[in-house]
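Asks: Generate a structure from the sequence data that follows.
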Amino acid sequence: MLRKSYEFWLQQINPHITTLIVTIGVVGIASCLSISFMLAWLFQEVLEKEAFGFDSALLYWIHGYANPSLDAVMLTITQLADASVVVVIVAVTLGILWWYNHRSEAKLFAIACLGALILNTGMKLVFAKPRPQIFPSLIPETSFSFPSGHALGGFVMYGFLAYLLSAHFPKFSKLIYTLAVFTIAIIGLSRMYIGVHWPTDIIAGYGVGYIWLMMCIIMLKLQTRQV
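Replies: Purely as a prediction, here's the structure:
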């Protein structure tokens, strides 16, 4: 029995684990596991309708810096992950990738963005968490709050774009990833500033977006290795 189990491990399990480690790296696996545990705890608390003390405290602190000029800036920034802007960026990216015959990248980018939309919509319906109402928001939102679709979708789209650009222009990879991280972070901040999301919504959006993005990048790497 032990011998058969050992042979099954060597033939069926170990090759896949080795491939996964080579593809994503130990740090990537560790980060995904850590974020998964954090999300599991957060999901349970939200489902049980638990309140997070830092949610309100952080929103009040951010709102303390509100002024008309900053309002205009944050309203502009939040549009970077609005549906109208996302559709244009996705369409242009897919067109460029397809034109230059990067078909695998185009397909995985489309899957990544579509998957982010499905994940966000499904999770909002499952958790049904109300939007914050501790101060008047700058824009009206009628959907549920958890997780933040702007945080999730922005993380996946801009993160995948950063990966693709750094792969084609490795000399500028540090600059590309820095700009992507800044863009993703400022989008999340803008959603809290304008009063339409709790900090936990942003955290969940980033966490789910990171795991989904890593899965899509793994699929792309495995697919390109087989080509």
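
Asks: Kindly provide the distance from residue 159 to residue 54.
Replies: Between residue 159 and residue 54 the computed distance is 25 Å (Cβ to Cβ, to the nearest Å). Where you see a C-beta, it was placed from the backbone N, CA and C, and this is true even at glycine.

Asks: Of those two, which one has the most company?
Replies: residue 159 (24 against 11; other Cβ atoms under 10 Å).

Asks: Please enumerate the helices of this structure.
Replies: Applying DSSP state H to the chain gives helices spanning 2-8, 14-47, 53-63, 68-78, 83-99, 103-127, 149-168, 173-193, 199-226.

Asks: Angles on the backbone of residue 49, please.
Replies: The phi/psi pair for residue 49 (degrees, to the nearest 10) reads phi 60, psi 30.

Asks: And residue 67, by the same measure?
Replies: Dihedral angles for residue 67 - degrees, to the nearest 10 - are phi -160, psi 160.

Asks: re earlier: return the most buried member of the helices of the chain.
Replies: Per-stretch averages of neighbours, counted by mean count of other Cβ atoms under 10 Å, single out helix 149-168 among the helices of the chain, with a mean of 23.

Asks: Grab the nearest non-local neighbour of residue 204.
Replies: Spatial nearest neighbour of residue 204, excluding adjacent residues (Cβ to Cβ, 6 or more residues apart in numbering): residue 147 at 3.7 Å.

Asks: Please report how far that neighbour lies from residue 33.
Replies: Distance from residue 147 to residue 33, by Cβ to Cβ: 19 Å.

Asks: what does residue 188 give?
Replies: 23 Å.

Asks: same thing with residue 203?
Replies: The gap separating residue 203 from residue 33 is 17 Å, by Cβ to Cβ.

Asks: Just confirm residue 110 contacts residue 93, I think it does.
Replies: No. Using Cβ atoms under 8 Å, residue 110 is not in contact with residue 93, being 9.2 Å away.

Asks: what's the nearest residue to residue 54 once chain neighbours are set aside in contact with, if anything?
Replies: Nearest non-adjacent residue to residue 54, counting by Cβ to Cβ, 6+ apart: residue 199, 6.6 Å away. Contacts for residue 199 (Cβ atoms under 8 Å, 6 or more residues apart in numbering) come out as 52, 54-55, 58-59, 192.

Asks: ok, back up a step: what about the helices of the chain, which gets the closest to residue 134?
Replies: With respect to residue 134, and counting by Cβ to Cβ, the nearest of those is helix 53-63 at 5.8 Å.
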